[in-house]
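In: Have a look; sequence and predicted model below, questions after that.
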Amino acid sequence: MRSLFATALAIGLCLSARAADVEFVRVWPGWEDADSFRRISEYFTKVENTSGMIVLRTQPAVRSGYYFLVRVKHPQVALSGAQFVLQYIAPNSQEPQKKTFKIDVPQGEQVFDLGLTGGDWPGQHGHLIAWKLDLLSADGITLATAQSFLWSKPPGNHD
């Protein structure tokens with residue numbers, strides 16, 4: 001029984017270390033129109049130049065949308081098979097919506113631009129109500145999380 005407890009404790013410590021080694025440096029939500037993604041090189045190559053960012057969109061063919069610019073630091077942990085889980089309340093709905101963005105990157109530090117594009121966002125003048133962003137490992141463990149103030153506000157407590 002003691003060895004089972006020790007094994008469970010060791011596994012828990014390893015999982016905690018993994019999560020502790022991953023952090024959101026910053027999360028900036030905001031509208032971006034399609035022109036903000038165009039670079040001069042695209043006119044020559046016909047290929048989108050993301051300037052080193054990893055750009056993921058809910059509707060890949062549409063660039064305009066509401067984006068979450070996320071800088072993730074994970075110097076000891078490769079994010080193989082990981083995913084961002086974005087929960088949000090859009091201006092045209094009172095119910096939370098959920099989108100996932102799968103990633104597979106080596107250890108280090110990356111900048112991601114996660115876009116709610118096309119029919120997943122009501123347009124340039126829509127204002128986000130509340131949001132929560134989780135980064136989950138391939139086995140579903142939460143590695144990092146960030147949320148807006150309103151996401152954490154208890155229902156019915158609007159003083």
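Out: All right, it came through fine.

In: now the closest residue to residue 120 other than its chain neighbours: how far from residue 78?
Out: Once flanking residues are discounted, residue 120 sits nearest to residue 58: 4.3 Å by CB to CB, 6 or more residues apart in numbering. C-beta here means a position set from N, CA and C on the backbone, and glycine is covered the same way. Going from residue 58 to residue 78 by CB to CB, to the nearest Å gives 25 Å.

In: out of these two, which sits in the busier spot?
Out: Using other CB atoms under 10 Å as the criterion, residue 58 and residue 78 rank with residue 58 on top: 19 against 12.

In: Three-state assignment for residue 69, please.
Out: strand (DSSP: H, G, I helix; E, B strand; the rest coil).

In: so what's the most centrally placed residue in the chain up against?
Out: Most central in the chain under CA atoms, centre = their mean is residue 84, positioned 4.3 Å from the mean C-alpha point. By CB atoms under 8 Å, 6 or more residues apart in numbering, the contact set of residue 84 is 56, 70, 100-101, 103, 112, 114, 133-136.

In: All the strands of the chain, residue numbers only.
Out: 23-32, 54-57, 65-74, 79-89, 97-105, 108-117, 130-136, 142-147 (DSSP state E).

In: Let me have the ones you listed in JSON lines, adding distance to residue 45 as columns.
Out: Formatted as JSON lines, the strands of the chain follow (distance: least, CB to CB, whole Å):
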{"stretch": "strand 23-32", "distance to residue 45": "21"}
{"stretch": "strand 54-57", "distance to residue 45": "16"}
{"stretch": "strand 65-74", "distance to residue 45": "23"}
{"stretch": "strand 79-89", "distance to residue 45": "28"}
{"stretch": "strand 97-105", "distance to residue 45": "23"}
{"stretch": "strand 108-117", "distance to residue 45": "20"}
{"stretch": "strand 130-136", "distance to residue 45": "31"}
{"stretch": "strand 142-147", "distance to residue 45": "34"}
